[in-house]
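Undergrad: When you get a sec, could you give me coordinates for this:
(chains A and B)
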Amino acid sequence: MSWKLFWLLVEASRLTIILSAVSISIGFLLSSVVCAAVMSGNRTARMAGKLFVSFFRGTPLLVQLLLIYYLLPQIGLNVPSEVAAIVGMSLCTAAYQAEILRGGFASVPKGLVEAANMCGFSPAATFRRIRLPIAVQLTIPALTSEAIMMLKSSSLVSVVGVIELTRMAQDLAASTYRPLELYAAAGFVYLVINIVVAALGLGLERRMSWGRL
Amino acid sequence: MTDTPAIKVEKLVKRFGKNTVLDGIDLIVPRGQVTCLIGPSGSGKSTLLRCIALLEEANEGFIEIDGEPLGFSSGDFGERNRLPAAQTRKVRSRIGMVFQQFNLWPHMTALGNVAEALVTVRGMARKDAEERAMAQLSNVGLRERAGHYPSELSGGQQQRVAIARALALDPGIMLFDEPTSSLDPELTGEVLNVMRDLAQSGMTMLVVTHEIGFAASVGSKIVFLDHGKKIVEGKPDEVFGKPRHERIEQFLDTYLDRGAATLL
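TA: Purely as a prediction, here's the structure:
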């Protein structure tokens, strides 16, 4: 396989990285809201949060992407397919990340919150100074895995016409009749990206290990 | 005011489901003294302490701290009226608590743990708070460990940091919930020594403990609980001296290796 073909894959992987990074970030912000809703005392908010999670976690991303792609023009929003892709991916990962965060908060030892109560912390201060930092630290490994899952799932957005890494490999395979090499090369590019993401996650985990290592 | 006990507990009842853990407990904790709660596992002593700290809400009965009602006030007909959260927080701020599992915040250094509430709750400047925290850490002999995270400290050191954290807020009353139960025997001594010093300084202390030796030597008052009821109460020599209550006799038999041998 020529360097020129390989380089086209690397170029296309840039879109994969951008789509994933943007979706994971938006998804994280959204997941904080969903997680807060699910954990809130308000019944309606809780139901809405649970409904969101069960829909976006319970249906395939592929179906979600197609739904969003055909739905947006119906409600008068003519957006580029990249935007439809980001919307779909963000919503989907938000559901997973919300559940990861919820698990993180649930794993904060009760005694740490009791100690804060005994020291006179308000509920808001307990959240900001104690529960949040500990929950985030506990969820870093799971959030890293979710980021890697999203990077790989981004190959699905080719169905709405976005030419990212997998789609580029497909197109090149079709025009050169060399599918084996192109798919192997595409897999290799995914692997390299994900090794970097995993290393970043591990670095963050170490940074937040608070003297344990 | 001098007659007002530090803590007064009246007819306290606590149930977990169908299980009655505290069955109408009355308790007076006098000011400036060490009161020790002892009794077998499941006797309700930790639950009583947690109710006094309002970490658990009792189902019936009343608690007063320095004569002020905590959590609920008594109405004209003895009914319970829930007090506003602000009032409760104010009354509770007079209590410091030390837990069996230390409960230090893992993401803060020893110094950070002690200084945190001074900044977050009392609104002190970080620098002033850390100065005061450092003085508290020195008092428990941990000045050199100020920059270490809890995970880098031994259990005994962690518990001493926890004591410093509670003392930094100037409580009038200190509650200890089995403070040495999760420590190796050789680390127990350093924590008990800090508690002994604190008792000598005139701190009002309510201590749930299995350290019978400590209770007998430092406690001014011993309260023995069993099955959620107060069985015996009195000065150490009254409770441990012969002739003893039958339940105490059984209890001490099982605690011979805990420093209780000297009492027999």
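
Undergrad: most residues in a single helix of chain A, which one?
TA: For chain A, the helix with the greatest residue count under DSSP state H is helix A:3-39.

Undergrad: Would you mind listing the buried residues in that one?
TA: A:5-6, A:8-9, A:12-13, A:15-17, A:19-20, A:23-24, A:26-28, A:30-31, A:34-38 (16 or more other Cβ atoms under 10 Å in any protein chain shown). All C-beta atoms are positioned from the backbone trio N, CA, C, and that covers glycine.

Undergrad: Spell out the residue ranges of the helices in the chain.
TA: You didn't pick a chain, so chain A it is. Assigned by DSSP H, chain A shows helices spanning A:3-39, A:43-58, A:61-74, A:81-106, A:110-118, A:123-126, A:132-153, A:165-176, A:179-207.

Undergrad: that's the other chain; I wanted chain B
TA: Counting by DSSP H, the helices of chain B are B:45-52, B:85-92, B:110-120, B:126-139, B:155-167, B:185-200, B:212-218, B:236-240, B:246-253.

Undergrad: closest to chain A out of those helices?
TA: For chain A, the closest of the helices of chain B is helix B:110-120, at 3.8 Å, according to Cβ to the nearest Cβ.

Undergrad: Is chain A within reach of the closest one?
TA: Yes: Helix B:110-120 is in contact with chain A by Cβ under 8 Å from any Cβ of the partner chain, via B:E116, B:A117, B:T120.

Undergrad: wait, doesn't the last one sit right on A:F121?
TA: Yes: at 6.2 Å, B:T120 counts as touching A:F121 under the criterion of Cβ atoms under 8 Å.

Undergrad: Now list whatever residues contact both of these two.
TA: Shared contacts of B:T120 and A:F121 (Cβ atoms under 8 Å, 6 or more residues apart in numbering or on different chains): A:R129.

Undergrad: Next, the residue of chain B found nearest chain A: phi, psi?
TA: As assessed by Cβ to the nearest Cβ, chain A sits closest to B:Y149 within chain B, at 3.2 Å. In terms of degrees, to the nearest 10, the main-chain angles of B:Y149 are phi -80, psi 160.

Undergrad: Please work out how many residues are found near it.
TA: For B:Y149, the neighbour count with other Cβ atoms under 10 Å in any protein chain shown is 20.

Undergrad: now it: how far from B:S138?
TA: B:Y149 sits 19 Å away from B:S138, taking Cβ to Cβ, to the nearest Å as the criterion.

Undergrad: that older thread, between the longest helix of chain A and helix A:43-58, how big is the angle?
TA: Counting by axes from the mean of the first three to the mean of the last three Cα atoms, to 10 degrees, helix A:3-39 points 150 degrees away from the direction of helix A:43-58.

Undergrad: could you give me the average pLDDT of helix A:3-39?
TA: Averaging pLDDT along helix A:3-39 gives 95.

Undergrad: give me the low-pLDDT residue ranges for the chain?
TA: Using chain A. Low-confidence segments of chain A (pLDDT under 70): A:1, A:212-213.

Undergrad: right idea, wrong chain: chain B
TA: Applying pLDDT under 70 to chain B flags residues B:1-2, B:255-264.

Undergrad: Run through the residues that contact residue 173.
TA: Looking at chain A here, since you left the chain open. By Cβ under 8 Å, 6+ apart, the contact set of A:A173 is A:P179, A:L182, A:Y183.

Undergrad: you looked at the wrong chain, it should be chain B
TA: When contacts are counted by Cβ under 8 Å, 6+ apart, B:I173 touches B:A6, B:I7, B:V29, B:I65, B:R94, B:I95, B:G96, B:M203, B:T204, B:M205, B:L206.

Undergrad: Could you find the closest non-adjacent residue to the one residue in chain A that gets nearest to chain B?
TA: Here chain A gets closest to chain B at one residue, A:G211, 3.2 Å apart by Cβ to the nearest Cβ. Distances taken as Cβ to Cβ, 6 or more residues apart in numbering or on different chains place B:Y149 nearest to A:G211, at 3.2 Å, with adjacent residues excluded.
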